[in-house]
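A.B. asks: Test case, fold it:
(chains A, B, C and D)
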Amino acid sequence: MITKAFGDSLGAIHDVGDGAIIMFGGFGLAGIPQNLIRALYEKGTKDLTVISNNPGSRLGDHEYGLAILFKAGRVKKYIGSYPTATRSFKELYDAGKVGLDLVPQGTLAERIRAKGAGIGGFYVKTGAGTLLARDKETRLINGEEYILEQPLGADFAFVKAYKGDLYGNLVYQYTGANFNPLMAMAADITIAEVEELVEPGILDPNTIHTPGIFVQRILKGERYDRWYE
Amino acid sequence: MITKAFGDSLGAIHDVGDGAIIMFGGFGLAGIPQNLIRALYEKGTKDLTVISNNPGSRLGDHEYGLAILFKAGRVKKYIGSYPTATRSFKELYDAGKVGLDLVPQGTLAERIRAKGAGIGGFYVKTGAGTLLARDKETRLINGEEYILEQPLGADFAFVKAYKGDLYGNLVYQYTGANFNPLMAMAADITIAEVEELVEPGILDPNTIHTPGIFVQRILKGERYDRWYE
Amino acid sequence: MIAGMNEQEMAQRAAAEIRDGSYVNLGIGMPTLVLDFVPAGKTVFFHTENGLLGMGGFAPKGAAHPDLVDAGKQPVTCIKGASFFPSDISFAMMRGGHIDLAIMGAYQVSAKGDLANWTAPGMLPSIGGAMDIAAGTKKIIIMMSHTTKDGKPKLVRELTYPVTGYRCVSMIITNLCVLDVSEKGLVLKELAAGVSVQDVIDNTGALLVIPEKF
Amino acid sequence: MIAGMNEQEMAQRAAAEIRDGSYVNLGIGMPTLVLDFVPAGKTVFFHTENGLLGMGGFAPKGAAHPDLVDAGKQPVTCIKGASFFPSDISFAMMRGGHIDLAIMGAYQVSAKGDLANWTAPGMLPSIGGAMDIAAGTKKIIIMMSHTTKDGKPKLVRELTYPVTGYRCVSMIITNLCVLDVSEKGLVLKELAAGVSVQDVIDNTGALLVIPEKF
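C.D. replies: Residues are numbered from 1 along each chain as shown, chains lettered A, B, ... in the order given. Next up is the predicted model:
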């Protein structure tokens, strides 16, 4: 029997090098691969392009998740929908220290799925005629303006699921799925961290959200912060 | 509390009229809405456009599923990927009694999803340069030929799930999902038949495959043939 | 400065537009107040863009789960009959025209129903799901203060802020009044208590259609 | 008429190409025989286009479930660690380049690796998933008889049957031999027992590259 399991987060990201393009699942703090993010911070990897809905999250006076990578100056470019989620991003952006490619959230999800599904591009109404469509090809479809959007892939996807098995099958919980199943499809190497890692056959095959074919490495996350009271 | 439940199949399809464009879930006999198909046959509705992976299925000398509608001459046009699944289709086609729009299976799935997701069109490599791309716009993407495919919707989708609740939430079993969740998204009115119909809150919200927003009517199927020994 | 409706009253007015059995997306901030005003007996499925249909309300202290939040990243609960799904399906619901109603805030709305609510000059731009909602939702209601903090009209002839979506707004609920967006422009529908037609006209940057009843 | 390998031997030869831990799609008909020849100890995930990764084999009598079938609509079983999913995800696996290997039949294969396997003149056309597999799978192996029933070559310089996909075939296993598709054309790789190089040449409609070892 094969296994895709790694012993820890640092081991699972051993070959993530400077300049890597990485997708991170999660929305706010829900479903973020927090152990892989911490490991990447510890590893010191830099010049990253980060694709994620938000560049970390702020709760009260603290910033969590991806914010540690941004604050440490490891990110050269951010592609996502909601950069105002942290103050640290705004400071870096205002200082010209990080690039921004702003993408409407639904378009972000669909572009990532398109990459995973072998779609060469697609037309949406979202954003037509706005500043975010400036450089985009347009097309009239049934009298309405659509814009052409491109697939979006990455070298690595860091995703988080509730449970997973040694073949890489994943199950999410609550709103923890969000971008995770899409990013898992769209990267050259997908690394999944899970709260519970089980033998194949334990998870009901009818309830698997991400089939193992989309996951190259899996590990049990070392620690899960819960943040809220 | 609202309910989307209907008492029986005939009641659920009361307003399906002659000339309707209908999507039918199922692959072979797996996941077909067999009760809704029988009801439509009994109702006598004609001049149908049928969208389904196959126009029924043959097992030994018998034909099942959609084949009863084709054999009764109720279908004027078939859109799908595998018409050779039945002999009856070939006879009607050779006699010029039914139209055929042949679509690669993956493109069929993606076109239906595109309609449901508000995608105005998309590019795929599938079929580029072949007879099935004759009238289609082409585009070179990274040096490879892609073709533009259109969204595909319908007046009604008839789908089948294993379990469902009064809000229209659906859960599929085994390979019974296939086109069902996609078609549920793509029709003006989606009618779902299920083997078990339960109160809201019984199904685990983490395991629902088709959220109720995509389902307008639901009913417990009267009878489920199992076909195989 | 005329007060008119407070936020709760505006939320209550917005809630009155929600039909039984409908699927409703609430924007971050003031629109989430609508949750408190759904009439008893109505089944409403609140959609959060991050992947939940059937949001119940904000999670009580001690019951927060880090993987169960709304679009504003607040811990929430879910109702019986809820469902969870990934972001592509969540936005298929919006872009594909399945959501019946979205209630959101705005910086500006034009007389044609054009919407600006994502960025302003000098601001770090953030878009989230706003443009997707504008592109696909069957009906959009804007809940906002009638003017900016320094008294400038937010209802304008033409947008001066960057556009979120064109001709997408159906109704506007402000502290001063309720307006419908029609082919002829903004139509006054209701006045808040203690607010005159002239108050509305004075604080609006676009021509208004004032029906005879006023 | 030279016999060469029978279908079981061809399936066994194809099975030898399957790597441990790989994701493999088997076409309808002869390719399903490959299931019987996966070496013990290898974990192979068989993909069926209708929504299953981890097909086990054909269901034994009495264990058939109407909602658990393969691409050929035959009742099947699934292995521990299998997963089920809808058609869009199943084809994302193929079109998106996630499937490592597809083993399928063909009417014709050209010297460039062009594939024809979906229709022929006078036939009711049916396509199923063949074009999607051709468009996205990392490696495609064709298993077929070397010639048609009436002795005509199926390996040809240019296809005369309608194309399924261009330059998509990597390897061909026939009853007579095993061939690789290279930039230079079809390269003879192995001969079946009792088959000569001349037999292969006589039954092939395209130029062959014959390495020195033969």
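
A.B. asks: Tell me the bridge partners for C:Ile141.
C.D. replies: Beta-bridge partners of C:Ile141, counted by DSSP bridges, are C:Ile103, C:Met171.

A.B. asks: From what I see, it and C:Asp100 are in contact.
C.D. replies: No. Between C:Ile141 and C:Asp100 there is no contact, the gap being 11.1 Å when judged by C-beta atoms under 8 Å. In short, each C-beta sits where N, CA and C put it, glycine included.

A.B. asks: Which one of the two is surrounded by more residues?
C.D. replies: When neighbours are counted by other C-beta atoms under 10 Å in any protein chain shown, C:Ile141 and C:Asp100 differ, and C:Ile141 comes out ahead with 23 against 19.

A.B. asks: contacting residues around that one?
C.D. replies: When the contact criterion is C-beta atoms under 8 Å, 6 or more residues apart in numbering or on different chains, the partners of C:Ile141 are C:14, C:17, C:101-104, C:169-173.

A.B. asks: between those, which is closest to chain B?
C.D. replies: Proximity to chain B was ranked across these by C-beta to the nearest C-beta; first place goes to C:Leu101, at 12.3 Å.

A.B. asks: Okay, that closest one and chain A: tell me how far apart.
C.D. replies: As for C:Leu101, its distance to chain A is 17 Å (criterion: C-beta to the nearest C-beta, to the nearest Å).

A.B. asks: Likewise for C:Gly29?
C.D. replies: Summarising the geometry, the distance separating C:Gly29 from chain A, computed by C-beta to the nearest C-beta, is 13 Å.

A.B. asks: residues touching the residue nearest to that residue when sequence neighbours are not counted, list them.
C.D. replies: Counting by C-beta to C-beta, 6 or more residues apart in numbering or on different chains, the nearest residue to C:Gly29 once its immediate chain neighbours are dropped is C:Gly105, at 5.7 Å. Contacts for C:Gly105 (C-beta under 8 Å, 6+ apart) come out as C:27-31, C:117, C:142-144.

A.B. asks: which stretches of chain A form strands?
C.D. replies: According to DSSP state E, chain A carries its strands in the segments A:21-24, A:48-51, A:57-59, A:62-64, A:75-80, A:99-102, A:121-124, A:138-141, A:144-149, A:154-165, A:170-171, A:187-198, A:217-220.

A.B. asks: would you turn the ones you listed into CSV with mean pLDDT and distance to chain D?
C.D. replies: Written out in CSV, the entries for the strands of chain A read as follows (pLDDT from 0 to 100; distance: least, C-beta to the nearest C-beta, whole Å):
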stretch, mean pLDDT, distance to chain D
strand A:21-24, 98, 15
strand A:48-51, 98, 17
strand A:57-59, 93, 29
strand A:62-64, 95, 31
strand A:75-80, 98, 20
strand A:99-102, 97, 22
strand A:121-124, 98, 13
strand A:138-141, 97, 21
strand A:144-149, 98, 17
strand A:154-165, 98, 6
strand A:170-171, 98, 9
strand A:187-198, 98, 10
strand A:217-220, 98, 12
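
A.B. asks: right, and these - which one's nearest B:Thr190?
C.D. replies: Comparing the strands of chain A by their distance to B:Thr190 (C-beta to C-beta), the top pick is strand A:121-124, with 22.5 Å.

A.B. asks: Next step: the contacts of C:Gly105 restricted to strands.
C.D. replies: C:142-143.

A.B. asks: from the contacts of C:Gly105, which is closest to C:Phe84?
C.D. replies: Nearest to C:Phe84, judged by C-beta to C-beta, of the contacts of C:Gly105 is C:Ile28 at 19.4 Å.

A.B. asks: From B:Arg38, how far off is the nearest residue to that closest one once chain neighbours are set aside?
C.D. replies: The spatial neighbour of C:Ile28 that comes closest, neighbours along the chain excluded (C-beta to C-beta, 6+ apart), is C:Gly72 at 4.1 Å. For C:Gly72, the distance to B:Arg38 equals 48 Å [C-beta to C-beta, to the nearest Å].

A.B. asks: So which bits of chain A are right by chain D?
C.D. replies: For chain A, the residues in contact with chain D (C-beta under 8 Å from any C-beta of the partner chain) are A:1-2, A:113, A:115-119, A:165-167, A:169, A:185, A:199-201, A:205-206, A:208, A:211-214.

A.B. asks: try 10 Å this time
C.D. replies: Taking C-beta under 10 Å from any C-beta of the partner chain as the measure of proximity, chain A contacts chain D at A:1-4, A:113-120, A:151, A:153, A:165-170, A:181, A:185-186, A:198-214.

A.B. asks: near chain B, which of the residues you listed show up?
C.D. replies: Restricting these to those adjacent to chain B (criterion: C-beta under 10 Å from any C-beta) gives A:113-114, A:117-120, A:151, A:204-209.

A.B. asks: Kindly supply the ChimeraX command isolating those of those residues that are buried.
C.D. replies: Burial among those is assessed by 16 or more other C-beta atoms under 10 Å in any protein chain shown; the matching ChimeraX selection reads:
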select /A:113,114,117,118,119,120,151,205,206,207,208,209
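
A.B. asks: quick one, longest helix in chain A?
C.D. replies: The longest helix of chain A (DSSP state H) is helix A:105-117.

A.B. asks: That one - what's its average pLDDT?
C.D. replies: The pLDDT scores in helix A:105-117 average 98.

A.B. asks: residues touching the spatially closest residue to A:Gly212 that is not a sequence neighbour, list them.
C.D. replies: The spatial neighbour of A:Gly212 that comes closest, neighbours along the chain excluded (C-beta to C-beta, 6+ apart), is A:Gly168 at 3.4 Å. Residues touching A:Gly168, when contacts are defined by C-beta atoms under 10 Å, 6 or more residues apart in numbering or on different chains, comprise A:2-5, A:161, A:184, A:190-192, A:194, A:200, A:208, A:210-218, D:81, D:83.

A.B. asks: Thanks a lot, catch you later.
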